[in-house]
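>>> Following is a predicted model, sequence given first.
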Amino acid sequence: DTAVSQTPKYLVTQMGNDKSIKCEQNLGHDTMYWYKQDSKKFLKIMFSYNNKELIINETVPNRFSPKSPDKAHLNLHINSLELGDSAVYFCASSQSGALSPPLHFGNGTRLTVT
Amino acid sequence: AQSVTQLDSQVPVFEEAPVELRCNYSSSVSVYLFWYVQYPNQGLQLLLKYLSGSTLVESINGFEAEFNKSQTSFHLRKPSVHISDTAEYFCAVRIMNRDDKIIFGKGTRLHILP
């Protein structure tokens, strides 16, 4: 009964390939996010969706395309993978409201591009 | 531009000693403040948060943080650390503008020495 689950946990692939990471949350939250954590642990937001609508789209290459089929899912598809895409990708969710709700994070997907 | 600065990338401290992890932020608009903890191979978990009211906030495992508006700081403290506190600690701010996004600091690794 994991709250925010990501698959796969590890992903090793070669440059130029296309890959997807899936995320599902069973908390009933209406907002979902993708964060990228680089090798120095720096965590940066990539995308945010609220009720399947794109809210935040940081300066991420357009090789990255998020897709939200419903508010419980936010998948991340990456085209033409590059070495610099190697990182840990975290999915998170929260419930929008008047007071700032906490983010609930998944355990991350470690992507290694060779 | 808004930012979060964690001055120490890592802090070694002996078990049962006190610790302070520093966090400063800059923002021209109102913010909410958070500390998240990331244990090895896991996602981030909310440790504590400041939204309004008392400037001193506490967590259930003995950590506390104090919001200091004049110094734009939100330092995290614990009077006596344990081996189990070994983790990466992230300070974060939620910027209350139309994007309403959370910005994370670069993290501080707390290393407990036996």
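Structure's in. What do you need? Residues are numbered from 1 along each chain as shown, chains lettered A, B, ... in the order given.

>>> Tell me which residues are up against the helix or strand hosting B:Arg109.
Per DSSP states H and E: B:Arg109 is located in strand B:108-113. Here strand B:108-113 makes contact (Cβ atoms under 8 Å, 6 or more residues apart in numbering or on different chains) with A:41, B:6, B:8-15, B:19, B:21-22, B:81-83, B:85-90. Where you see a C-beta, it was placed from the backbone N, CA and C, and this is true even at glycine.

>>> Filter the residues you listed down to just the buried residues.
In the contacts of strand B:108-113, burial by neighbour count holds for A:41, B:6, B:11, B:13, B:19, B:21-22, B:81, B:85, B:87-90, counting by 16 or more other Cβ atoms under 10 Å in any protein chain shown.

>>> Can you convert those residues into a markdown table and add a column each for distance to A:Thr112?
Below are those laid out as a markdown table (distance: Cβ to Cβ, whole Å):
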| residue | distance to A:Thr112 |
| --- | --- |
| A:Lys41 | 16 |
| B:Gln6 | 26 |
| B:Val11 | 29 |
| B:Val13 | 32 |
| B:Val19 | 33 |
| B:Leu21 | 30 |
| B:Arg22 | 33 |
| B:Val81 | 33 |
| B:Asp85 | 29 |
| B:Ala87 | 23 |
| B:Glu88 | 20 |
| B:Tyr89 | 26 |
| B:Phe90 | 23 |
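
>>> Give me the number of neighbouring residues for B:Ser84.
10 (other Cβ atoms under 10 Å in any protein chain shown).

>>> what pLDDT does it get?
Note on B:Ser84: pLDDT of 94.

>>> quick one on the thing from earlier: avg pLDDT for the strand holding B:Arg109?
95.

>>> what do you get for stretch A:89-102?
80.

>>> try stretch A:37-54
So the average pLDDT for stretch A:37-54 ends up being 87.

>>> what does it rub up against?
Contacts of stretch A:37-54 (Cβ under 8 Å, 6+ apart): A:30-36, A:55-58, A:60, A:64, A:66, A:68-71, A:74, A:76, A:86-90, A:96, A:108, B:38, B:44, B:88, B:90, B:101-104, B:106-107, B:109.

>>> Report the buried residues of it.
In stretch A:37-54, counting by 16+ other Cβ under 10 Å, buried: A:37, A:41, A:43, A:45-50.

>>> for the residue in chain A that chain B sits nearest to, what are its contacts?
When scored by Cβ to the nearest Cβ, chain A has A:Phe105 as its residue closest to chain B, at 3.2 Å. Residues near A:Phe105 by Cβ under 8 Å, 6+ apart: A:4, A:35, A:90-92, B:43-45.

>>> now whatever helix or strand A:Leu54 lives in, how far from the chain's geometric center?
A:Leu54 is part of strand A:53-57, with elements assigned from DSSP H and E. Its chain's average C-alpha position is 13 Å from that of strand A:53-57, according to Cα atoms, centre = their mean, to the nearest Å.

>>> again, but for stretch B:29-43
7 Å.

>>> Repeat that for stretch B:8-16.
Here the centre of stretch B:8-16 is set off from its chain's centre by 14 Å, with Cα atoms, centre = their mean.

>>> What lies in contact with that stretch?
Contacts for stretch B:8-16 (Cβ under 8 Å, 6+ apart): B:19, B:21-22, B:80-83, B:106-114.

>>> All set, thanks.
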